[in-house]
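J.: sequence first, then the predicted structure:
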Amino acid sequence: MKHVDVNRALLTTGTSLLLIVDMQEKLLPAIQDTDALRGRVARLAQAARLLSVPVWATEHWPEKIGPTHADLALHIDRVVSKTHFNACREAAFLEQWPAGRSRVLLAGTEAHICVLQTGLGLAQAGYEPVLITDGIGSRRPSDWAGACERWRRYGLETVTSEMAIYEWLETPAHPAFRDVLALVK
């Protein structure tokens with residue numbers, strides 16, 4: 001039986017950073033089931049903030065695609081503009097990275113382009129990207145599925161938004177439990 005270091009396997013608030021990729025106003029209407037996706041990501045971002053997990057966002061060509069959707073912008077600590085699909089190729093992206101935040105949970109659009117390329121870039125840079133499977137979207141289901149398949153092919157971790165939230169909480173005795181639970185229900 002393979003030994004699993006549960007302390008290493010579970011997400012913690014002290015090592016996590018939530019990265020919301022390109023959830024911009026002009027792009028979101030083209031994304032399948034966009035309202036539900038935006039709601040899940042907003043709840044995840046709110047939970048992250050309640051639990052002291054930094055929330056960053058990228059905006060791809062914001063002068064053309066617009067800013068991060070207003071429902072999400074309220075919960076973001078830092079926004080990085082980019083022109084590359086892989087945010088790690090932007091000089092400003094990793095230079096102010098918070099110390100100790102090695103596990104990067106990715107949500108956003110499009111799953112098979114900017115989310116995937118940024119996740120692979122983060123892995124190459126020595127971080128541990130974690131894909132929030134119910135927090136990513138694409139225009140077509142086949143592209144979403146292809147992104148998840150490729151993510152797993154490279155041995156990268158996937159979780160759902162509720163898995164992340166409950167791992168961050170650790171216990172119902174957490175002082176923020178009631179507030180976070182209200183977001184989940």
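T.: Structure received. Residues are numbered from 1 along each chain as shown.
J.: please count neighbours and contacts with C-alpha atoms only from this point.
T.: Fine.
J.: buried residues in stretch 20-34?
T.: Using 16 or more other CA atoms under 10 Å as the test for burial, stretch 20-34 gives 20-24, 27-28, 31, 34.
J.: from the chain's centroid, how far away is that stretch?
T.: Chain-centre distance of stretch 20-34: 14 Å, with CA atoms, centre = their mean, to the nearest Å.
J.: show me what that stretch is in contact with.
T.: Contacts to stretch 20-34, defined as CA atoms under 8 Å, 6 or more residues apart in numbering, come from residues 38, 41, 55-60, 62, 65-70, 106-110, 114-115, 137-141.
J.: hmm, which of those residues are the buried ones?
T.: Using 16+ other CA under 10 Å, the buried ones in these are 38, 41, 55-60, 62, 65-69, 106-110, 114-115, 137-139.
J.: for the residue nearest the centre of the chain, grab phi and psi.
T.: The centroid of the chain falls nearest to residue 106 when counting by CA atoms, centre = their mean (2.4 Å). With angles defined as degrees, to the nearest 10, residue 106 sits at phi -110, psi 130.
J.: wait, isn't it in contact with residue 130?
T.: Yes. At 6.1 Å, residue 106 and residue 130 qualify as touching, with contact defined as CA atoms under 8 Å.
J.: now list whatever residues contact both of those two.
T.: The contact sets of residue 106 and residue 130 overlap at residue 119 (CA under 8 Å, 6+ apart).
J.: before we move on, the earlier item: take the contacts of stretch 20-34 and keep only those in helices.
T.: 38, 41, 62, 65, 70, 141 (DSSP state H).
J.: low-confidence ranges, this structure, go.
T.: 1-7 (pLDDT under 70).
J.: in it, what residue spans correspond to strands?
T.: Under the criterion DSSP state E, the chain carries strands at the ranges 16-21, 55-60, 78-82, 103-109, 128-137, 157-159.
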